[in-house]
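> turn this into a model:
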Amino acid sequence: MGVFTISGRNLMLNAIKGTNPATQITHVGLFTKGANVTGLTSVTSTDTFTKVGHGLANGDLILLSALTGGTALVAGRPYYVVGVSGNNFQVAHTSGGAAVDHGTDVTAGTFNKLTEISGGSPAYARQVIAFNAAADGTMDDSTNGAVFDIPAGGVVDYVGYHSASTAGTLQALDDLTQESFSGQGTYTLTDADLDLLASGGS
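All right, here's what the predicted structure looks like:
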């Protein structure tokens, strides 16, 4: 099973509380995982990472896939890039949010950028998804998956659960068996399950 973002966790807690959430999961999308970028370090006094030529921009979605230090950070959890300045950047739980505390300095780290697939003819687009009633802490989709148009050269690594057909809030991520497309094609997500018992990136 995948890992819920902080926004997704808050959504579930608000639902339990009885709040009618305005950002429920309505669509699924696909992401490509970038190459490992190693040699990442940070200073906890400013909660700032340093990596020469990191290539990131504010709003980018990344996974911290390996960490030495950074006791308040969680490897495998998705973060958004904020505060980019030259070779330095910070990360937040939400797009444009406050920088996350690192706990301790990161002396060695690796990250991967996740990029939502785009382009093609017919063009890639997020697909509608709906779910059956939850049971035993899990919830299965009622739409029997989804079919996506994938452009030539596209690589599918992750599925994301979103609150809108474009933009919106990313509520959860799950890794998939990588599939690469040499030409225009389709990718079928045959099943989608959300599991509150899953421990990935907790």
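
> mind saving the C-alpha coords of the helix or strand of the chain with the lowest mean pLDDT as CSV?
Lowest by mean pLDDT, DSSP states H and E among the helices and strands of the chain is helix 6-17, with a mean of 78. C-alpha atoms of helix 6-17 as CSV (Å, rounded to 0.1, in the frame of the first residue of the first chain):
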residue,chain,number,x,y,z
ILE,A,6,-0.3,15.1,5.5
SER,A,7,-3.3,16.7,3.7
GLY,A,8,-4.7,13.2,3.3
ARG,A,9,-4.3,12.3,6.9
ASN,A,10,-5.9,15.6,8.0
LEU,A,11,-8.8,14.8,5.6
MET,A,12,-9.4,11.5,7.3
LEU,A,13,-9.3,13.0,10.8
ASN,A,14,-11.7,15.7,9.8
ALA,A,15,-14.1,13.1,8.4
ILE,A,16,-13.9,11.1,11.7
LYS,A,17,-14.7,14.3,13.5
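
> and it, what does it pack against?
With contacts defined as 3 or more Cβ pairs under 8 Å, 6 or more residues apart in numbering; DSSP states H and E, helix 6-17 has these neighbours: strand 170-180. Just so you know, the C-beta spots here come from the backbone N, C-alpha and C atoms, and that holds for glycine as well.

> so, low pLDDT: which residues of the protein?
1, 16-17, 20, 197-202 (pLDDT under 70).

> can you give the domain ranges for it?
3-32+117-195, 35-113 (automatic domain parsing).

> coming back round to it: tilt between the least confident helix or strand of the chain and strand 170-180?
130 degrees (axes from the mean of the first three to the mean of the last three Cα atoms, to 10 degrees).

> turn the domains of the chain into CSV, including mean neighbour count.
CSV is the format used below for the domains of the chain (neighbours: other Cβ atoms under 10 Å):
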stretch, mean neighbour count
domain 3-32+117-195, 16
domain 35-113, 17
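
> which helix or strand lies directly C-terminal to the least confident helix or strand of the chain?
The helix or strand immediately downstream of helix 6-17 is strand 27-33, counting by DSSP states H and E.

> after that following strand, which helix or strand is next?
strand 37-43.

> now for that next one, which elements pack on it?
Short answer (3+ Cβ pairs under 8 Å, 6+ apart): strand 37-43 packs on strand 48-50, strand 106-116.

> and the next helix or strand after the first one, which strands flank it?
So the one you mean is strand 48-50. Downstream of strand 48-50, the next assigned helix or strand under DSSP H and E is strand 61-69. Its sheet considered, strand 61-69 pairs with strand 78-85 (antiparallel), strand 106-116 (antiparallel) by DSSP bridges.

> and of the ones you listed, who's closest to residue 48?
Closest approach to residue 48 among those (Cβ to Cβ): strand 78-85, 7.1 Å.

> just want the angle from that closest one to strand 27-33.
Taking the same axes, to 10 degrees, one finds that strand 78-85 is oriented at 60 degrees with respect to strand 27-33.

> distance from strand 78-85 to the middle of the chain?
For strand 78-85, the separation from the chain centroid amounts to 13 Å (computed by Cα atoms, centre = their mean, to the nearest Å).
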